[in-house]
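Chemist: no letters, just coordinates:
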């Protein structure tokens with residue numbers, strides 16, 4: 001008998017060809033099929049009089065065939081006129097065979113479903129679904145709405161409906177498989193139906209069901225399934241968190257050295273930085289591994305907090321590793337920390353892929369011996385052959401797209417006799433609270449929600465691409481004033497479909513229109529060494545304008561860059577636009593971001609650009625981006641778990657998250673015997689890192 005995690009091929013009628021087609025839409029198991037929900041519904045529960053039809057309406061009608069004929073024009077078509085006494089309707093078929101034509105006999109009763117459009121002589125339906133009926137079937141209509149499922153080429157709706165029903169039939173015969181794993185008392189408090197009731201409604205809603213609620217995904221039956229799925233993921237991550245807390249980590253008490261170094265910094269910490277630093281210090285002082293995410297807008301000073309945490313680790317006799325996504329960013333951190341901690345006696349080293357063999361050979365023994373120092377680098381820090389003798393703290397910069405798998409790998413890499421290292425993750429991409437509650441439930445979250453007083457807000461302008469020459473003139477003025485500028489193009493190559501200018505062509509154009517100015521180029525298809533050279537030249541002032549794709553979304557500080565042009569800005573998401581805007585405004589000059597668009601603008605694009613113009617608050621922008629684009633776009637496809645939610649929609653179901661959190665806590669405390677089955681029902685083996 002099939003179970004939820006049984007391969008879908010165990011269902012009758014699923015051969016290898018159908019199995020492959022189902023896999024294309026993410027259906028691999030019987031459970032995937034069960035939770036493959038319709039995206040809309042057809043109402044065949046009532047007949048509409050032909051005389052009452054309106055253009056654009058989808059309706060079920062029935063009548064008597066009055067005539068049928070083949071018409072030859074620009075396209076051969078079969079025309080069939082039917083009537084029910086209230087009016088006449090023309091059925092038009094461009095694809096038909098002789099059997100269909102012969103079946104359209106005058107006087108036969110026919111029932112049709114389709115969309116009505118205005119025809120030359122009468123209302124029409126083009127290629128409607130139809131069936132001939134006997135007189136005694138005239139009053140028999142469906143008792144439930146007909147589901148329409150997301151499908152793929154070669155996968156008909158009829159086949160999908162049959163397979164879903166087979167899956168339901170196979171699983172419902174086993175009372176254990178679909179038993180309610182949410183305690184009844186909790187369900188009643190949330191006013192949600194049972195699991196079986198919810199599945200019955202979503203796959204076969206009764207006549208008269210609120211189709212508006214169903215289409216929006218807000219029907220109680222859909223909310224029941226979404227709630228249970230979110231609860232399963234929340235419980236899984238909380239179990240993982242519990243397992244982390246059972247591990248040992250070295251206690252890293254803050255000594256006098258930390259306070260002395262903080263007092264010698266060339267600036268004062270903001271209240272937000274001090275608050276978050278206090279949370280981090282308390283974590284480091286404990287013998288359970290810290291797992292903390294620091295969020296904060298671009299320029300809020302997260303790196304200083306992380307650097308002082310690293311000092312705390314070193315002052316306690318341990319090592320700290322700070323991992324950055326690029327060599328240039330790692331070098332920037334190395335230079336910044338070297339400047340802040342000059343004369344303090346804190347050892348700081350740099351380990352990247354381009355480190356020469358001699359330097360690597362000298363450094364690796366120091367790390368393996370456990371010498372207390374701060375090691376800064378890229379992924380090279382955790383490659384094979386690199387060993388840390390006393391790693392107390394791992395800091396991951398700008399890697400919010402790392403999922404739970406990567407966080408576990410870092411813990412395992414740094415494990416020593418003293419236990420697991422503490423872990424601190426930073427991101428400059430503000431993550432909405434509801435999304436953080438779901439994706440980072442295994443982490444503590446701190447927010448640096450205050451900018452330093454000397455940080456100047458960037459002025460944002462939304463300008464049509466028709467004013468391109470005027471914008472180039474602004475670049476010329478900025479360069480003449482000794483400043484630098486970014487010009488961002490979303491694509492590398494020309495695309496007629498997207499109307500996006502290519503970075504290569506833009507570089508050539510700017511070089512022609514700005515003679516004497518040095519125009520750099522940076523895009524994703526360049527080799528890593530070429531990218532590093534391009535960015536290094538811009539940072540050092542070797543180029544005046546850097547034409548780039550969105551690879552500079554996360555980049556280094558170039559204080560002299562005060563102008564950002566984003567071409568085809570209407571095609572980018574809000575969080576991405578906000579990250580790009582954060583590349584400027586890092587010096588002591590007023591800075592501007594120009595969002596250039598190609599009209600006409602759709603409603604969503606207009607809303608995005610207006611949001612950017614009105615606010616620089618990254619968290620407000622992230623909430624709006626979640627609402628408009630969804631979590632997968634906001635965090636990126638690599639974020640473990642986000643792309644695999646089958647029913648829940650984090651943007652739509654955000655209001656349920658506080659209830660989900662409370663339910664997860666209650667379930668783990670009072671009903672731990674239900675948790676394993678709940679997690680197995682919804683969380684894939686790949687995601688189920690808690691091992692239940």
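Modeler: Done, it's in. Values in this document were obtained by computation on a predicted structure and should not be read as measured data.

Chemist: all helices of the stretch 101-250 of the chain, in order?
Modeler: Under the criterion DSSP state H, counting those that start in this stretch, the stretch 101-250 of the chain contains helices at 157-172, 184-190, 195-203, 211-216, 220-245.

Chemist: centre of the chain to the helix or strand containing residue 576, how far?
Modeler: Element membership of residue 576 [criterion: DSSP states H and E] is helix 574-581. Put simply, helix 574-581 sits 15 Å off its chain's centre (CA atoms, centre = their mean, to the nearest Å).

Chemist: for stretch 538-549, same thing?
Modeler: On CA atoms, centre = their mean, the centre of stretch 538-549 falls 30 Å from that of its chain.

Chemist: list the buried residues of that stretch.
Modeler: For stretch 538-549, a neighbour-count test (16 or more other CB atoms under 10 Å) marks 538-539, 543-549 as buried. (Glycine included, C-beta is placed from N, CA and C.)

Chemist: in a markdown table, list the residues you listed along with distance to residue 281.
Modeler: Listed next are the buried residues of stretch 538-549 as a markdown table, based on distance: CB to CB, whole Å:
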| residue | distance to residue 281 |
| --- | --- |
| 538 | 37 |
| 539 | 33 |
| 543 | 42 |
| 544 | 44 |
| 545 | 43 |
| 546 | 39 |
| 547 | 44 |
| 548 | 38 |
| 549 | 40 |
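
Chemist: let's see which of those residues end up in strands.
Modeler: Among the buried residues of stretch 538-549, the members falling in strands (DSSP state E) are 545-548.

Chemist: ok, residue 170 - contacts?
Modeler: The contact partners of residue 170, taken as CB atoms under 8 Å, 6 or more residues apart in numbering, are 1-2, 11, 30.

Chemist: what are the phi and psi values for residue 274?
Modeler: phi -60, psi -40 (degrees, to the nearest 10).

Chemist: what's near enough to touch it?
Modeler: Taking CB under 8 Å, 6+ apart as the test, residue 274 contacts no residue whatsoever.

Chemist: again with the one 3 residues further on
Modeler: The neighbourhood of residue 277, defined by CB under 8 Å, 6+ apart, consists of 269, 305, 308-309.

Chemist: name the secondary structure element that contains it.
Modeler: Residue 277 belongs to helix 271-284, assigned by DSSP H and E.

Chemist: next, give me the two most distant ones among the buried residues of stretch 538-549.
Modeler: The most widely separated members of these, counting by CB to CB, are 544 and 549 (18.7 Å).

Chemist: excluding chain neighbours, what is closest to residue 153?
Modeler: Computed as CB to CB, 6 or more residues apart in numbering, the closest residue to residue 153 that is not its neighbour in sequence is residue 21, at 7.8 Å.

Chemist: the one you found contacts residue 155, doesn't it?
Modeler: Yes: with contact defined as CB atoms under 8 Å, residue 21 and residue 155 form a contacting pair (5.0 Å).

Chemist: check the contacts of residue 170 against residue 103 and report the nearest one.
Modeler: residue 11 (32.7 Å).

Chemist: how about that closest one, nearest residue that isn't a chain neighbour?
Modeler: Going by CB to CB, 6+ apart, residue 11 has residue 166 as its nearest residue, at 5.0 Å.

Chemist: what's near enough to touch that neighbour?
Modeler: Residue 166 neighbours (CB under 8 Å, 6+ apart): 11-13.

Chemist: let me know the distance separating it from residue 10.
Modeler: 10 Å (CB to CB, to the nearest Å).

Chemist: poorly predicted segments of the stretch 351-500 of the chain, please.
Modeler: 398-411, 413, 417-418, 434, 491-500 (pLDDT under 70).

Chemist: how about the strands in it?
Modeler: Listed in chain order, the strands of the stretch 351-500 of the chain (DSSP state E, counting those that start in this stretch) span 374-377, 391-397, 422-427, 444-448, 459-464, 484-488.

Chemist: give me the residues contacting the longest one.
Modeler: What that stands for is strand 391-397. 249-250, 252, 284, 290, 303, 306, 309-310, 312-313, 316, 318-325, 329, 333, 402, 410-411, 414, 416, 418, 421-426.

Chemist: quick one on the thing from earlier: nearest to residue 221, out of the strands of the stretch 351-500 of the chain?
Modeler: strand 444-448 (32.2 Å).

Chemist: quick one, grab the pLDDT at residue 4.
Modeler: pLDDT recorded at residue 4 is 85.

Chemist: I'd say it and residue 176 touch.
Modeler: No: counting by CB under 8 Å, residue 4 does not reach residue 176; the two are 10.7 Å apart.

Chemist: between the two, which is the more surrounded one?
Modeler: Legend: neighbour count by other CB atoms under 10 Å for residue 4 and residue 176, higher for residue 4 (20 against 8).

Chemist: so that one, which of the three states?
Modeler: Reduced to three states with DSSP: H, G, I helix; E, B strand; the rest coil, the structure at residue 4 is coil.

Chemist: who touches the closest residue to it other than its chain neighbours in this structure?
Modeler: If the residues on either side of it in the chain are set aside, residue 4 comes closest to residue 31, at 3.4 Å by CB to CB, 6+ apart. For residue 31, the residues meeting the contact criterion (CB under 8 Å, 6+ apart) are 3-5, 681.
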